[in-house]
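Q: Predicted model follows, preceded by the sequence.
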Amino acid sequence: MSNDRREANQPIVRLEFQPATPIPEYLTGEVQSKLAYVDEWIVGAEVAPDRITLQVALPAVARVVDMILDEPAALTNDRRAELEEKVQRVVLSMAKGAIKPKIQVLEDYLDRPVAYEKDPLPELIARGEVSQEANGIFALGPLVARLIGYFEQQFLKLADSFGAQPYRFPTLIPARYMERVNYFRAFPHSLTFVTHLREDLEVIDEFSQHAACDDHGLTTSPEAFARIQALLSPAVCYHLYFALADRVLQEGHATATAVGNCFRYEAINLASLERMWNFTMREVIFVGPKDFVLENRETARQRMREVFESLGLAYRVESATDPFFIGEFRKQAAFQSAFQLKYEIRARLPYKDSTLAVGSYNYHQDFFGRSLNIALPDGSPAHTGCVAFGLERMALAFLSQFGLEPDSWPKEVRRSLYGLPAA
């Protein structure tokens with residue numbers, strides 16, 4: 001993994017060392033993704049079972065010293081030791097005593113033939129169909145927007161098949177709500193906070209006169225900002241659960257659907273349309289007894305299988321876990337795996353011989369029912385689940401398999417978007 005967190009011409013130091021405990025092959029990707037949060041100086045990392053390689057960018061003050069001494073950029077021994085100690089904490093927390101989860105595959109159509117094998121992003125950027133505004137922040141042009149609209153219609157048909165009630169949720173979410181569902185402990189690394197200038201005339205006037213940005217963002221003192229009360233929402237379904245908090249489901253169950261902007265910061269893992277800081281999800285959400293949630297989750301999977309088959313999409317549905325923070329990873333991942341709480345729809349990306357999670361089928365047991373006091377008519381806590389689709393990822397996977405020319409797309413998509421006949 002690597003990203004442009006560093007400044008132009010900033011010296012890069014390469015560090016290599018052995019992990020404190022061997023990293024199982026199946027965990028190398030997870031460990032590598034977590035190294036993004038180890039230290040601000042790290043701009044790239046590679047993880048193998050017996051070796052960790054870091055790319056470390058020296059800050060501006062180190063460059064000045066190097067020029068004065070006329071020596072190549074270097075890290076002090078103390079700083080090297082500090083970086084290694086942080087990395088080893090991650091390794092030991094995630095890999096020591098880890099047990100490989102049993103992956104359950106529900107659908108496997110990865111071997112379906114694809115018509116395209118190039119990375120579509122460079123061409124999308126060249127055509128002006130995608131514009132990168134910052135790391136993880138992209139503006140999308142007509143081609144991608146139309147594709148997202150097409151997939152939105154498919155997911156809305158799925159929602160309608162369950163009689164899901166439409167909702168619209170805000171982009172902001174109160175911090176007190178997120179604390180109530182333990183999000184700060186489980187996913188602190190991905191949070192995006194919201195604030196504003198303090199209600200103080202001097203502070204506001206100072207900002208208006210002197211606010212400026214450098215390569216690292218606003219130069220304004222943190223003291224100018226008010227205490228954080230809200231965050232940018234990381235998921236759509238949370239809003240429904242909060243709306244139902246401290247209530248009894250008089251009808252015994254609820255089914256809802258909504259689309260919304262979601263925000264999950266991933267540091268140097270932010271790469272192309274695969275991982276975006278700001279992305280869009282359409283969800284179908286189920287609240288009620290256990291059987292109600294599980295049966296609807298399974299029905300949704302079967303209905304979406306027909307949709308993906310009609311497209312000829314190459315994908316697989318397999319058990320998975322959420323990207324928990326280091327301290328929670330092993331325990332929570334093992335729990336999710338043992339109870340088969342999450343299944344991901346992983347679409348094939350031919351250009352990198354890999355897959356990308358474009359959606360998921362999730363079951364939360366009665367966690368939200370207990371945490372938020374959502375009760376069934378008999379007084380027991382409600383169970384919850386959701387089916388979620390990442391719209392930008394869905395479009396990227398489609399373009400990666402079918403290319404950028406509509407006349408090479410599946411007949412159903414051509415007719416829906418352009419009225420084009422089959423080839």
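A: Great, that's in hand.

Q: Could I get the full set of helices for the chain?
A: Ranges of helices within the chain are 28-34, 60-69, 77-95, 120-126, 142-161, 175-180, 183-186, 201-210, 237-243, 290-311, 326-338, 367-372, 391-402, 411-418, based on DSSP state H.

Q: Out of those helices, indicate the one that is most buried.
A: Mean neighbour count (mean count of other CB atoms under 10 Å) peaks for helix 391-402 among those, with a mean of 24. (Each C-beta comes from the backbone N, C-alpha and C, glycine too.)

Q: quick one on the thing from earlier: what's the closest of the helices of the chain to residue 46?
A: helix 28-34 (6.9 Å; CB to CB).

Q: now the closest one, how far from the centre of its chain.
A: Here helix 28-34 is found 14 Å from its chain centre; the criterion is CA atoms, centre = their mean, to the nearest Å.

Q: Same check on stretch 272-290?
A: That offset, for stretch 272-290, works out to 9 Å (CA atoms, centre = their mean).

Q: go on, stretch 344-362?
A: 13 Å.

Q: check contacts around the closest residue to residue 377 other than its chain neighbours.
A: Leaving aside its chain neighbours, residue 377 sits nearest to residue 252 (5.6 Å; criterion: CB to CB, 6 or more residues apart in numbering). By CB atoms under 8 Å, 6 or more residues apart in numbering, residue 252 lies in contact with 288-289, 376-377.

Q: Find me the pLDDT at residue 252, would you?
A: The model reports residue 252 with a pLDDT of 97.

Q: re earlier: just the buried ones from the contacts of residue 252?
A: In the contacts of residue 252, burial by neighbour count holds for 288-289, 376, counting by 16 or more other CB atoms under 10 Å.

Q: mind listing which of these are in strands?
A: Secondary structure from DSSP state E places residue 288 of the buried ones among the contacts of residue 252 in strands.

Q: can I get the buried ones among the contacts of residue 252 in a markdown table with distance to residue 112?
A: Shown next, in a markdown table, are the buried ones among the contacts of residue 252 (distance: CB to CB, whole Å):
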| residue | distance to residue 112 |
| --- | --- |
| 288 | 35 |
| 289 | 37 |
| 376 | 42 |
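
Q: export the buried ones among the contacts of residue 252 to CSV and tack on distance to residue 221 and pLDDT?
A: Converted to CSV, the buried ones among the contacts of residue 252 look like this (distance: CB to CB, whole Å; pLDDT from 0 to 100):
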residue, distance to residue 221, pLDDT
288, 49, 98
289, 52, 98
376, 50, 98
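
Q: quick check: domain ranges of this structure?
A: Structural domains annotated on the chain: 12-95, 105-171+235-418, 193-224, as defined by automatic domain parsing.

Q: Can you check which of the ones you listed gets nearest to residue 184?
A: domain 105-171+235-418 (9.4 Å).

Q: That closest one: how far from the chain's middle?
A: 10 Å.

Q: cool, and stretch 408-422?
A: For stretch 408-422, the distance to the chain centre is 30 Å (CA atoms, centre = their mean).

Q: ok, residue 146 to residue 152 distance?
A: Residue 146 sits 10 Å away from residue 152, going by CB to CB, to the nearest Å.

Q: Just give me the neighbour total for residue 211.
A: 12 (other CB atoms under 10 Å).

Q: wait, doesn't it sit right on residue 220?
A: Yes: between residue 211 and residue 220 there is a contact under CB atoms under 8 Å: 5.7 Å.

Q: ok, so what distance separates residue 225 from residue 209?
A: When residue 225 is compared with residue 209 (using CB to CB), they lie 17 Å apart.

Q: likewise residue 388?
A: Taken as CB to CB, the span from residue 388 to residue 209 is 45 Å.

Q: what's the answer for residue 55, then?
A: 39 Å.

Q: what does residue 415 give?
A: Residue 415 sits 57 Å away from residue 209, going by CB to CB.

Q: how about residue 381, what does it touch?
A: 366, 369-370, 373-375.

Q: redo that, cut-off 7 Å
A: Taking CB atoms under 7 Å, 6 or more residues apart in numbering as the criterion, residue 381 is in contact with 366, 369-370, 374-375.

Q: Please apply the same query to residue 83.
A: Taking CB under 7 Å, 6+ apart as the contact definition, residue 83 lies against 15, 39, 54, 56.

Q: Do I have it right that the last one meets residue 11?
A: It refers to residue 56. No: in terms of CB atoms under 7 Å, residue 56 does not count as a neighbour of residue 11; the distance is 9.2 Å.

Q: out of these two, which sits in the busier spot?
A: Each of residue 56 and residue 11 has its neighbours counted (other CB under 10 Å); residue 56 has more, 21 against 15.

Q: who does the more buried one bridge with?
A: With DSSP bridges as the criterion, residue 56 is bridged to residue 13, residue 42.

Q: Distance-wise, check it relative to residue 47.
A: Taking CB to CB, one finds residue 56 at 15 Å from residue 47.

Q: What of residue 135?
A: 21 Å.

Q: check contacts around residue 388.
A: 281, 283, 359-360, 362.

Q: rerun at 8 Å
A: 235-237, 281-283, 359-360, 362.

Q: how about these in JSON lines, adding distance to residue 161?
A: Conversion of those to JSON lines gives the following (distance: CB to CB, whole Å):
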{"residue": "235", "distance to residue 161": "22"}
{"residue": "236", "distance to residue 161": "19"}
{"residue": "237", "distance to residue 161": "18"}
{"residue": "281", "distance to residue 161": "19"}
{"residue": "282", "distance to residue 161": "14"}
{"residue": "283", "distance to residue 161": "15"}
{"residue": "359", "distance to residue 161": "16"}
{"residue": "360", "distance to residue 161": "18"}
{"residue": "362", "distance to residue 161": "18"}
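
Q: which among the residues you listed gets closest to residue 319?
A: Nearest member of the contacts of residue 388 to residue 319, counting by CB to CB, is residue 360, at 10.4 Å.

Q: ok, the closest one - how many residues close by?
A: So residue 360, with other CB under 10 Å, has 20 neighbours.

Q: List the residues that contact the residue lying closest to it once chain neighbours are set aside.
A: In this structure, residue 360 finds its nearest non-sequential neighbour in residue 344, 5.0 Å apart by CB to CB, 6+ apart. Residues near residue 344 by CB under 8 Å, 6+ apart: 317-320, 357, 359-360.

Q: Need those in JSON lines (columns: pLDDT and distance to residue 268).
A: Supplementary listing: the contacts of residue 344 in JSON lines, determined by pLDDT from 0 to 100; distance: CB to CB, whole Å:
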{"residue": "317", "pLDDT": "98", "distance to residue 268": "29"}
{"residue": "318", "pLDDT": "95", "distance to residue 268": "26"}
{"residue": "319", "pLDDT": "92", "distance to residue 268": "27"}
{"residue": "320", "pLDDT": "88", "distance to residue 268": "22"}
{"residue": "357", "pLDDT": "96", "distance to residue 268": "19"}
{"residue": "359", "pLDDT": "97", "distance to residue 268": "25"}
{"residue": "360", "pLDDT": "96", "distance to residue 268": "24"}
